[in-house]
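Trainee: Need coordinates for the below:
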Amino acid sequence: SFIDVDYIFDNKGDRKLTWIITIPKVQNIIIRTESKTVSDILKREIETIPSLLHSKLVNDSWEKISGSNAYQDIDFKTKIINDTFLLDIAVKQYPNQSIKLGARVDNERFGQLSLEAKQMELFGKDIEAYINIAGGQRNYKIEGTLKFPSILSSLWNWNLSAYSLSKGIYTYSDIFSSDYNSYTKKKGNEFTEEHFGIKSVFSRYLGRSGLLLFDIRYDKQRFFDKTENPDFVYSKICTAKLTGKYDTRDNADLPSKGTFLEFSLESSIFSFENNPSFSKAQFALKRSFTFENHTFTPLVIFGFSDNTLPIAEYFSLGRDDMFYGKREDDKRGLQLAIASLEYRIKSSVKLFFPTYLSIRYDMGSTWSSFETIKIAELQHGLGVGIIADTPIGNARITVGKSFYFVKNPDVIVQGPLLFSFAIGTNF
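Mentor: Numbers count the residues shown, from 1 in each chain. Got it, this is the predicted structure:
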């Protein structure tokens, strides 16, 4: 704790040592920055520290703020002057204008690039503007966002975005062996999922780790076979969505401790001709535990919707970082359930970057309706991977396969052994 400790030693009389402990009565904070505004994460962290005299809480706040990458540099200094404790925070923010470049290479979407251009304090006001462009051969996303922090001096932020995105989705069929004990994957036609629209998002932080969002989305979308000429007819939806997040992980990509919880409820607020209204809900919980160098991470994901959900809004299952033995978008449906358990150990061999060995078991599936959900139809996946934590994002090399159980006769039907690799930032 931050307290003032002094002592008096009586070396003439009974030679007593007297300790004098002074607890500051006043706690003050000074934030030194050249910018007119201070970002939400710094405000939130400082406001939620129960006591500035608790050194561990102050140190934890510094680590979280520093790790958020919200500032170019931040320094905490403490002083005790008489009966006043002073927390002096020096902040060096990024330039008002910045451009970030990113890249990713994987076996699903090949090479992808991203660009983010940011303008802080637009027109000299407390407004932030962002333009994000990302994509590659099989997908793209363009989004422009205006962010209005602390609207009407409240704890709420408001984002207004316009976007356009396109994503290629392959279909896959299972080709069984003569004894039906194994199958291979055959790639079918490629479909295109397109969206463009506008989105209004209100958000506020809840404590140090919580986030509440409410958004309204107007979206025009279509889903068509690339081998056929699209009719250029888009369906329209307008939805309201409530999302809650709780995140205490020390690292979003490779956590060693902490919990991630997210839930969302989305429903149509207007219905359009030939486009019936729908509702959709999703829940995800992930938690990591570490004992020495051994990390265990269980995960559960559930998704539910009604039967009127548009195809472009379907839940998706696949890709090695979600389910071993499944290609990206291997299975799509109206209902989703996934459970997994990952074991990860940090390599004792010193390489250029921190390297981990990962083993994960997956279980789950998608279904066409709530009534057709059957535990017996669950797919299973098992795989191993080597993951390196590089400055440009995680580098992954994995191998795994999926399988499922059938009765009469009782056999395990095994899928092909799939190899995957990826390096770079997830877009």
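Trainee: Show me where the stretch 301-427 of the chain has its strands.
Mentor: 315-317, 331-333, 335-346, 355-367, 379-390, 393-406, 411-414, 418-424 (DSSP state E, counting those that start in this stretch).
Trainee: deepest of those strands, which one?
Mentor: Comparing the strands of the stretch 301-427 of the chain by mean neighbour count (mean count of other CB atoms under 10 Å), strand 315-317 ranks first with a mean of 21. (Glycine included, C-beta is placed from N, CA and C.)
Trainee: partners of that one, with directions?
Mentor: Each strand that pairs with strand 315-317, with its direction, by DSSP bridges: strand 331-333 (antiparallel).
Trainee: chain center to the partner strand: distance?
Mentor: 21 Å (CA atoms, centre = their mean, to the nearest Å).
Trainee: returning to what we had before: mind putting the strands of the stretch 301-427 of the chain in a markdown table, mean pLDDT and distance to D179 included?
Mentor: Output for the strands of the stretch 301-427 of the chain, formatted as a markdown table (pLDDT from 0 to 100; distance: least, CB to CB, whole Å):
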| stretch | mean pLDDT | distance to D179 |
| --- | --- | --- |
| strand 315-317 | 95 | 27 |
| strand 331-333 | 93 | 24 |
| strand 335-346 | 96 | 29 |
| strand 355-367 | 95 | 23 |
| strand 379-390 | 94 | 20 |
| strand 393-406 | 92 | 12 |
| strand 411-414 | 92 | 9 |
| strand 418-424 | 91 | 21 |
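Trainee: can you put those strands in a markdown table and add distance to R208?
Mentor: Below are the strands of the stretch 301-427 of the chain laid out as a markdown table (distance: least, CB to CB, whole Å):
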| stretch | distance to R208 |
| --- | --- |
| strand 315-317 | 31 |
| strand 331-333 | 37 |
| strand 335-346 | 26 |
| strand 355-367 | 27 |
| strand 379-390 | 24 |
| strand 393-406 | 26 |
| strand 411-414 | 46 |
| strand 418-424 | 30 |
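Trainee: Of all these, which one is nearest G124?
Mentor: For G124, the closest of those is strand 393-406, at 34.9 Å, according to CB to CB.
Trainee: Which strands and helices lie in contact with that closest one?
Mentor: Counting contacts by 3 or more CB pairs under 8 Å, 6 or more residues apart in numbering; DSSP states H and E, strand 393-406 packs against strand 355-367, strand 379-390, strand 411-414, strand 418-424.
Trainee: Show me where the stretch 101-250 of the chain dips below the pLDDT cut-off.
Mentor: Along the stretch 101-250 of the chain, the parts satisfying pLDDT under 70 run over 230-232.
Trainee: Quick one: the helices in this protein, in order.
Mentor: Assigned by DSSP state H, the chain shows helices spanning 40-47, 55-67.
Trainee: can you tell me which of those the model trusts least?
Mentor: In terms of average pLDDT, helix 40-47 trails the rest of the helices of the chain, at a mean of 66.
Trainee: List the contacts of Y234.
Mentor: Neighbouring residues of Y234 by CB atoms under 8 Å, 6 or more residues apart in numbering: 194, 220-222.
Trainee: and with 6 Å instead?
Mentor: With contact taken as CB atoms under 6 Å, 6 or more residues apart in numbering, Y234 is in contact with 220, 222.
Trainee: Can you tell me how far it is from N274?
Mentor: Per CB to CB, to the nearest Å, Y234 is found 11 Å from N274.
Trainee: rewinding a little: same list (the helices and strands packed on strand 393-406) but as a markdown table, adding distance to L146.
Mentor: Formatted as a markdown table, these follow (distance: least, CB to CB, whole Å):
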| stretch | distance to L146 |
| --- | --- |
| strand 355-367 | 36 |
| strand 379-390 | 33 |
| strand 411-414 | 51 |
| strand 418-424 | 28 |
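Trainee: Remind me what the lengthiest strand in the chain packs against, helices and strands.
Mentor: As assigned by DSSP state E, the longest strand anywhere in the chain is strand 183-206. Strand 183-206 sits against strand 157-176, strand 210-225, with contacts defined as 3 or more CB pairs under 6 Å, 6 or more residues apart in numbering; DSSP states H and E.
Trainee: How confident was the prediction at the one residue sitting closest to the centre of the chain?
Mentor: Nearest to the geometric centre of the chain sits A252, at 6.7 Å (CA atoms, centre = their mean). With respect to pLDDT, A252 scores 86.
Trainee: Report the contact partners of N28.
Mentor: L86.
Trainee: who's it bridged to?
Mentor: Beta-bridge pairing for N28 (DSSP bridges): L86.
Trainee: likewise R360?
Mentor: R360 forms beta bridges with E342, G383, as assigned by DSSP bridges.
Trainee: Can you get me a residue count around Y180?
Mentor: Neighbourhood size, Y180 [other CB atoms under 10 Å]: 11.
Trainee: Just give the nearest non-adjacent residue to G333, would you?
Mentor: Distances taken as CB to CB, 6 or more residues apart in numbering put T366 closest to G333, at 3.1 Å, once the chain neighbours are dropped.
Trainee: Show me what the one you found is bridged to.
Mentor: Beta bridges link T366 to L336, judged by DSSP bridges.
Trainee: how about it, what does it touch?
Mentor: With contacts defined as CB under 6 Å, 6+ apart, T366 is in contact with 315, 317, 331, 333, 336.
Trainee: I'd like these as TSV, with distance to R287 appended.
Mentor: Formatted as TSV, those follow (distance: CB to CB, whole Å):
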residue	distance to R287
F315	22
L317	21
K331	25
G333	26
L336	20
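Trainee: ok, the residue nearest to the centre of the chain to A376 distance?
Mentor: Look at A252 and A376: by CB to CB, they are 35 Å apart.
Trainee: before we move on, the earlier item: which one is the residue nearest to the centre of the chain nearest to, not counting chain neighbours?
Mentor: Nearest to A252 is F260, by CB to CB, 6+ apart, at 8.0 Å.
Trainee: So that neighbour versus T239, what's the distance?
Mentor: According to CB to CB, F260 and T239 sit 24 Å apart.
Trainee: So what sits opposite the nearest residue to F403 once chain neighbours are set aside in the bridge?
Mentor: Residue nearest to F403 in three dimensions, not counting chain neighbours: Q414, with 4.6 Å by CB to CB, 6+ apart. Note on Q414: beta-bridge partners by DSSP bridges are S182, F403.
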